[in-house]
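>>> Sharing a sequence plus its predicted fold:
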Amino acid sequence: MSTTEILEKIRLIPENYQQEVVDFILEKKVKKTVISSKQRPLGLLKGKMKMSDSFDDPLEDFKNYM
């Protein structure tokens, strides 16, 4: 649907609801921009966490089940 078609449909809406439609569209645009600007950069915690070498070793508590 083109912008022209959308504007024509908005013009068909009663005047007292037209502003509501415009506000809704603008609010969606603002929310989308705010969400996308809050994305964290990749690798933010790189080198700050270390996993134990024995992480994958079986746990003593589960020896009876293996």
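Done, it's in.

>>> Only C-alpha atoms from now on, for both contacts and neighbour counts.
Noted.

>>> per-residue confidence at Leu42?
If you check Leu42, the pLDDT there is 83.

>>> correction: Leu12
90.

>>> try Val30
Value listed for Val30 in the pLDDT field: 62.

>>> Likewise for the one 4 residues further on?
At Val34 the predicted local distance difference test score is 55.

>>> Work out for me the element Ile25 sits within.
helix 15-37 (DSSP states H and E).

>>> So which helix or strand of this structure has the lowest pLDDT on average?
helix 15-37 (a mean of 73; mean pLDDT, DSSP states H and E).

>>> how far away is Lys49 from Gly43?
Quick fix: residue 49 reads Met, not Lys. Counting by Cα to Cα, to the nearest Å, the gap from Met49 to Gly43 is 11 Å.

>>> Leu45: neighbour count?
8 (other Cα atoms under 10 Å).

>>> Checking Gly43 next. Helix, strand or coil?
coil (DSSP: H, G, I helix; E, B strand; the rest coil).

>>> which phi and psi does it have?
Note on Gly43: its backbone torsions stand at phi 80, psi 20 [degrees, to the nearest 10].

>>> Let me see the contact set for it.
By Cα atoms under 8 Å, 6 or more residues apart in numbering, Gly43 lies in contact with nothing.

>>> any idea how far it is from Ser52?
20 Å.

>>> do Ile6 as well
Distance, Ile6 to Ser52, by Cα to Cα: 58 Å.

>>> With Pro41 instead?
Applying Cα to Cα, the value for Pro41 to Ser52 is 26 Å.

>>> For stretch 54-66, C-alpha coordinates in CSV please.
The C-alpha trace of stretch 54-66 is given here as CSV (Å, rounded to 0.1, in the frame of the first residue of the first chain):
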residue,chain,number,x,y,z
SER,A,54,35.9,-28.8,35.1
PHE,A,55,32.5,-27.3,34.0
ASP,A,56,31.6,-30.4,31.9
ASP,A,57,32.8,-32.9,34.4
PRO,A,58,30.1,-35.2,36.0
LEU,A,59,28.9,-34.1,39.4
GLU,A,60,29.5,-36.3,42.4
ASP,A,61,25.8,-35.9,43.4
PHE,A,62,24.6,-37.7,40.3
LYS,A,63,27.1,-40.7,40.3
ASN,A,64,24.3,-43.1,41.4
TYR,A,65,22.2,-42.1,38.3
MET,A,66,25.0,-42.7,35.7
